[in-house]
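A.B. asks: what shape does this take:
(chains A and B)
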Amino acid sequence: MRVRMATDIGGTFTDLVALDEESGKITLAKAASTPPEFHRGIADTIRKSGLDPRTVAFFVHGTTVVINALTERKGAPTALVTTRGFRDVLEITRANRPDMYNLRFQKQAAFVPRHLRFEVDERVGYKGDVIKALDEKSVRAVADEIRSQGVSAVAVCFLHSYANPSNEARCAEMLEELLPGVLVTPSHAITQEWREYERTSSAVLNSYVRPVASNYLDSLFQDLRKLEMSGSLNVMKSNGGMASFGFAKEQPIHMIESGPVGGVVGSLAIGLEIGERNLITLDIGGTTAKTSLIEGAEVKVTTEYRIEQDARRAGYPVKVPVVDIVEIGAGGGSIAWLDPIGTLRVGPRSAGAVPGPASYTQGGAEPTVTDANLLLGRINPSYFLGGEMPLSLEQARKATGKLAAKLGMPVDEVARGIIRLANANMVNAIKLVSVRKGHDPREYVLVAFGGGGPMHASALARELHIRKVIIPPAPGEFSAWGMLTTDYKQDFTRTTVLRATDETMGAVYRRYDELERDALLFFKHEGFDTANVVTARAADMRYAGQEHTVRVPVPDGQASLAEVTARFHERHESAFMFRLEGPVEFVNLHLTGLVRVPNPDLSAFAPTAARGTATKGRRTVDFDEDGIHEAALYERGRLALDEEVKGPAIVEEEASTTVIYPGQRGGLDRIGNLVIETGV
Amino acid sequence: MAVRTKIDPFEAEIIRESLVAVAEEMFVSLQRTSQSTIIYEVLDFACGITDHKAQLIAQTNGVTAFAGILTFTVQSVLDKFGLKQIREGDIFATNDPYTGGGTHLSDVAMVMPLFYKGELLAFAANKAHWTEVGGKDAGSWTTDATEVFQEGLQLPCVRLYVDHKPLPSVVDIIRANVRTPEMSLGDMYAQAAGLRMADRRFTELCAKHGVEQVQAGVDYLLTQGERQVRLDLAKLPKGVFEAEDFIDDDGLTPDPIPIRVKVTISDDEFVADFTGSGPQARGPVNCTRTGLMGGMRTIFKALTNPDTPVNEGGFRPLKVICPEGNIFSAVRPAPVSTYWETLLNSVDLVWKALAPHMPERMTAGHFLSVCGLILAGNHADTGDLVIMVEPQAGGWGAGVDKDGESGLVCIGDGETYIIPAEVCEQKYGIVVDQYALNPVEAGAGEYRGGLGLVRDYRILGEEGMFLTATFGRAKFPPWGVAGGQAGSPNYIEVIRADGSPPNRFGKGARVHLRRGDIARLITGAGGGWGDPRKRSRERVLADVKEGYVSDRAALETYGQQP
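C.D. replies: Numbering: from 1, shown residues only, chains lettered A, B, ... in the order given. Here you go, the predicted structure:
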């Protein structure tokens, strides 16, 4: 029992990373994903890795099963029970029209149709006062109707249940008794923040995916036990922490971004190891680029998440804590195209894995970012995926040539344009998580991974005036690797609207004490020794009269009002460039509970090669504004500790290629990161 | 090394994107820092950048009706001060409805010149609905004003900041003339902060790309906008299209106001002519030319290219004809505080004229009105003065191949969020008894109109509260197309706790609601498209199952036995 294992399911591949803590040996494995029975892909990957499952002490899993069930509408028929007068809130939504000038705008359909939405008599006020007790007769009547409809899940959302959940909890309890076999989710179990539509939606989406997620985790559990894996089994949550299978079956909605957060958490682990606490992460895959910001070793978590939201669609709110990740449609497979007036655009449409970029010669006829990188000499056509997949320069040229003819420009210039536009899109995404939120990228280090991250990182960093780029070891499997560095984590939030005064601080601290008790109870229930639980507080605060809030860390104990509000003024000014004199309010109080898991030994990838063995000759590479150069080529795995790589250079490895521009220099650090000084 | 061509389309594209991003950043910052619900929830504001000639480069708005409207705001500053009197660090403020800067007094626009190395290159501008600008009634807009002087403090295009600092005397005047000085000035500072952020970003952009490239980028963007719209114009039907309708009344007398439009679309122009519409009214339903332009830019955008960001080039083929003193082009000192309803009528007229000819872009008529209301009084628990200002959502019209949408904000609003019941109760000390779809027998068609909503506010405070509201289309419901039925009206019903008969109205000013009284807000269903008898049996039965259509209507209107 000495192996830690992480598995990450992607659309195409299931990745596995395992660390043998005795020998320090790292195992990487990949197998095809097996939709819709994804759990089989995991068993396949474990078999392919050649590891003995009986040696696995600790297993953590990132999965797309929840987000897939939602986006493919493969969840269970679900009913909803609300306070009388409010069953239509789910369909009304917030009534906004993001696609403002589209007169034929179509609202997204509700996950529960009207005939499955029911009302009962009860009422709680905003202060948490019970205005009308729950009418149990009306609950029984609703239960009878639900029974006749053959649903397998029910969500319950009552007004102001964040302030007092008693009516809602009682109704859920009754429904569980009256409807055996039906999974009931009361909204307050998912979130204790106000705004009834958002809370209803969160409870409904949890209900909708619960049967699917339960079945999935049960099947996976059986598969793993069949393999005689007896260690601790965990899933990644969207908040960057882990939880048990048991918790995930009850509240699967917490797994909605289970996969992508691994890379963010892994970046933090690396940052802490090398003394960098301000990080911007960049994960470029085939279809999208994802970026997130870590400030002062703090991963940013938001509860403003919505699925299927974009510039044209309002999306569906999910008010659970999710690592704040911005995702844009710019990856290696993103297609370059001309809009009706002849302007070149890149993405968001992607060639995906099939047919893939034109150079894959699988039938793709449109030029992609990968094709452009190939034409500019940045990718080695005979060393893609370690040579498993030779790329066709000719097909890339042909596809890009069609655009070039329409634009009346040489092919190379169009290829440079494609890269420049893709980079500009990614720069804008990074600005969304940094500049737009008051963070200066110059004070951050860029951690780039995913198949495409290392290819673009140096150029993006320079554009953003970031001085240092880190390409972690095995960047292609880094998200799975990151999961090995995760702690157990659960967030507790309660809407508590209070003017911040010396008098109200007592009430605030009492509420924190309650949250702390909730946290200890939660971890006790999950089977932990409560002595190991660490908590951290934060508050959403605003100037009285404002609606939106700023998240402020709150110290433990009984810090003074002045200390808390000083932090608020500071954060507000940093984000919005001004502060006000007026009174300040608390809106939501947060408490994060953590049970730490010791980090794996990060030296597993420490460089061991002898100096001077990594060079592989030269290749002509187009560095756009920096000109065309004979770049030096290196094999990453053969670089020695501190061996200097001077740009213009290309560092190749099996699943990725790192581009180092003229004037930049890079090298491996003691834990195997490729560190690039961008010279800005 | 690659030689860069003089006008590099990729760099121009990147500059274009960056300029759009500046407007967006200003927008997000203002939304997150404002203290007025109408700004942070309803998003009744717009942020943009123009070149030094007031040509719109980029604009982000939360509500459609502000489409491209900042052009006129900046132009009014240029008209009054000229380039010579505009200095670095200035910020101008205007809410003048008659000179291009404003729409009604509640919409306060602020404009900042953007200099780089001493040269005036552009303007940043924003415009936001302040909850309070003074005037005869709390919340400033009302339905029974007879002169603009009753509608609030006028800021007739004045200098507000000098050398990056607010002028204390102007701030004092504002403070003394509004009921909620902290909130109104809070919004003013939030707007100024947004402008300063735009200034900083613009400077960074010039420093990075060079002034010449930025200007080339702006030219490229405007040319590109015009090229795009010319292509779109070519796809529109050509000819003359007319429509007539009525505005319910002016709020003071019960008489309907006739309105009409003649739209002429040719290969290179889109002309909307409002000649023949009624004269400006005694009540505050008047719209001025700036509001009308916002309306026309909105519908023109919807017809040509709803997808791309707005800029001046995209509006070049649009011409608007409207004689002065007409209801759509009122002159001083006509009251204008509910101008937006009439603006929406201008949009709806063009929509009605063209809908049968452009089914791929348009639906039957929708509930049309913002259904704006002000609820003011003391909070039942805290005793503080609270002023709620909010719009409502209603039913949209059916399309040639789709049912109408239920419960969406009107065409004048956009990324506008209805206030949650839980927030309403906490903030305003009232009870929301229901918020529900309102199935009524209206809007039937082969495709049926979407449903309106019903929302109940029950008053708790001892002293009660005052309700002012303007729900348009209370008398003339949304129109159907091709045999589709008309939708249903918007109105408010006040249900008295003492059992006296309820009263029903579209417009009301300072209606006193006592403890226990209920204001029931009802919004209309959209119009239908096509003969209801042609509606498929499956659709009728599905509607009955979901409770959208009654058994009776299924049989009598649709001819289907449920």
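A.B. asks: helix or strand with the lowest mean pLDDT in chain A?
C.D. replies: Among the helical and strand segments of chain A, the one scoring lowest on mean pLDDT, DSSP states H and E is strand A:26-32, with a mean of 86.
A.B. asks: contacts for it, please.
C.D. replies: For strand A:26-32, contacts defined as Cβ atoms under 8 Å, 6 or more residues apart in numbering or on different chains pick out A:12-20, A:41, A:44-46, A:48-51, A:474, A:477, A:604-605. (C-beta placed from N, C-alpha, C; glycine too.)
A.B. asks: quick check: A:Glu477 touching A:Asp15?
C.D. replies: Yes. Applying Cβ atoms under 8 Å, one finds A:Glu477 in contact with A:Asp15, separated by 4.8 Å.
A.B. asks: which residues do those two both contact?
C.D. replies: By Cβ under 8 Å, 6+ apart, the residues touching both A:Glu477 and A:Asp15 are A:8, A:28, A:30.
A.B. asks: picking up where we left off before, can you list the strands that the least confident helix or strand of chain A pairs with?
C.D. replies: According to DSSP bridges, strand A:26-32 forms sheet pairs with strand A:13-20 (antiparallel).
A.B. asks: now the strand it pairs with: average pLDDT?
C.D. replies: Per-residue pLDDT over strand A:13-20 has a mean of 89.
A.B. asks: now stretch A:660-679
C.D. replies: If you average the pLDDT over stretch A:660-679, you get 96.
A.B. asks: with stretch B:454-474 instead?
C.D. replies: Averaged across stretch B:454-474, pLDDT comes to 97.
A.B. asks: how far is it from where the chain is centred?
C.D. replies: With Cα atoms, centre = their mean, to the nearest Å as the basis, stretch B:454-474 stands 21 Å off its chain's centre.
A.B. asks: list the buried residues of that stretch.
C.D. replies: Of the residues in stretch B:454-474, B:454-461, B:464-474 count as buried by neighbour count, 16 or more other Cβ atoms under 10 Å in any protein chain shown.
A.B. asks: those: which ones sit near chain A?
C.D. replies: Among the buried residues of stretch B:454-474, the ones lying near chain A by Cβ under 8 Å from any Cβ of the partner chain are B:Asp456.
A.B. asks: which bits of the stretch 251-400 of chain A sit near chain B?
C.D. replies: A:340-341, A:343-344.
A.B. asks: so which of the residues you listed is the closest to chain B?
C.D. replies: The nearest member of those to chain B, counting by Cβ to the nearest Cβ, is A:Ile341 at 4.8 Å.
A.B. asks: contacts only, for the closest one.
C.D. replies: B:224, B:227-228, B:231.
A.B. asks: okay, and which of those map to helices?
C.D. replies: Counting by DSSP state H, the contacts of A:Ile341 place B:224, B:227-228, B:231 in helices.
A.B. asks: of those, closest to A:Pro35?
C.D. replies: Checking the ones in helices among the contacts of A:Ile341 against A:Pro35 by Cβ to Cβ gives B:Gln228 as the nearest, at 40.4 Å.
A.B. asks: verify the contact between that closest one and A:Pro340 for me.
C.D. replies: Yes. The criterion here is Cβ under 8 Å, and B:Gln228 meets it with A:Pro340 at 7.1 Å.
A.B. asks: which of those two has more neighbours?
C.D. replies: Counted by other Cβ atoms under 10 Å in any protein chain shown, B:Gln228 and A:Pro340 do not tie: B:Gln228 has more neighbours, with 21 against 11.
A.B. asks: quick check: the more buried one vs B:Arg361, distance?
C.D. replies: 16 Å (Cβ to Cβ, to the nearest Å).
A.B. asks: over to A:Leu464?
C.D. replies: Distance from A:Leu464 to B:Arg361, by Cβ to Cβ: 40 Å.
A.B. asks: just A:Arg611 next, same as before
C.D. replies: From A:Arg611 to B:Arg361 the distance is 67 Å (Cβ to Cβ).
A.B. asks: just A:Glu570 next, same as before
C.D. replies: Counting by Cβ to Cβ, the gap from A:Glu570 to B:Arg361 is 49 Å.
A.B. asks: go on, B:Ala138?
C.D. replies: Distance from B:Ala138 to B:Arg361, by Cβ to Cβ: 41 Å.
A.B. asks: do A:Pro473 as well
C.D. replies: Shown here: A:Pro473 relative to B:Arg361, a distance of 54 Å by Cβ to Cβ.
A.B. asks: A:Phe247 now?
C.D. replies: 49 Å.
A.B. asks: so how far is B:Val454 from the residue nearest to B:Ile518 when sequence neighbours are not counted?
C.D. replies: Nearest residue to B:Ile518, sequence neighbours excluded (Cβ to Cβ, 6 or more residues apart in numbering or on different chains): B:Ile495, at 4.3 Å. Distance, B:Ile495 to B:Val454, using Cβ to Cβ: 12 Å.
A.B. asks: shared neighbours, the two?
C.D. replies: By Cβ under 8 Å, 6+ apart, the residues touching both B:Ile495 and B:Val454 are B:Arg520.
A.B. asks: near chain A, which residues of the stretch 401-550 of chain B?
C.D. replies: Within the stretch 401-550 of chain B, the residues that sit near chain A (Cβ under 8 Å from any Cβ) are B:402, B:405-409, B:411, B:413-418, B:420-423, B:425-426, B:431-437, B:453, B:456, B:545-548.
A.B. asks: flag the shaky bits of the stretch 1-150 of chain A, pLDDT-wise.
C.D. replies: Counting by pLDDT under 70, the stretch 1-150 of chain A shows low-confidence ranges at A:1, A:11-12.
A.B. asks: would you list every one of the strands in it?
C.D. replies: A:3-9, A:13-20, A:26-32, A:56-62, A:78-83, A:117-120, A:123-124, A:130-132 (DSSP state E, counting those that start in this stretch).
A.B. asks: please apply the same query to the stretch 351-500 of chain B.
C.D. replies: B:372-378, B:385-390, B:430-438, B:452-459, B:465-470, B:491-495.
A.B. asks: which stretches of the chain have low pLDDT?
C.D. replies: Here I'm looking at chain A. Counting by pLDDT under 70, chain A shows low-confidence ranges at A:1, A:11-12, A:577.
A.B. asks: correction: the question concerned chain B.
C.D. replies: For chain B (pLDDT under 70), the answer is B:1-7, B:41.
A.B. asks: residue boundaries of the strands in the stretch 251-400 of chain A?
C.D. replies: Using DSSP E, counting those that start in this stretch, strands in the stretch 251-400 of chain A cover A:279-284, A:289-295, A:298-299, A:301-302, A:306-307, A:316-317, A:322-323, A:325-328, A:334-338, A:344-350.
A.B. asks: need the winner for burial among those.
C.D. replies: Here the criterion is mean neighbour count by mean count of other Cβ atoms under 10 Å in any protein chain shown, and of these the winner is strand A:279-284, at a mean of 28.
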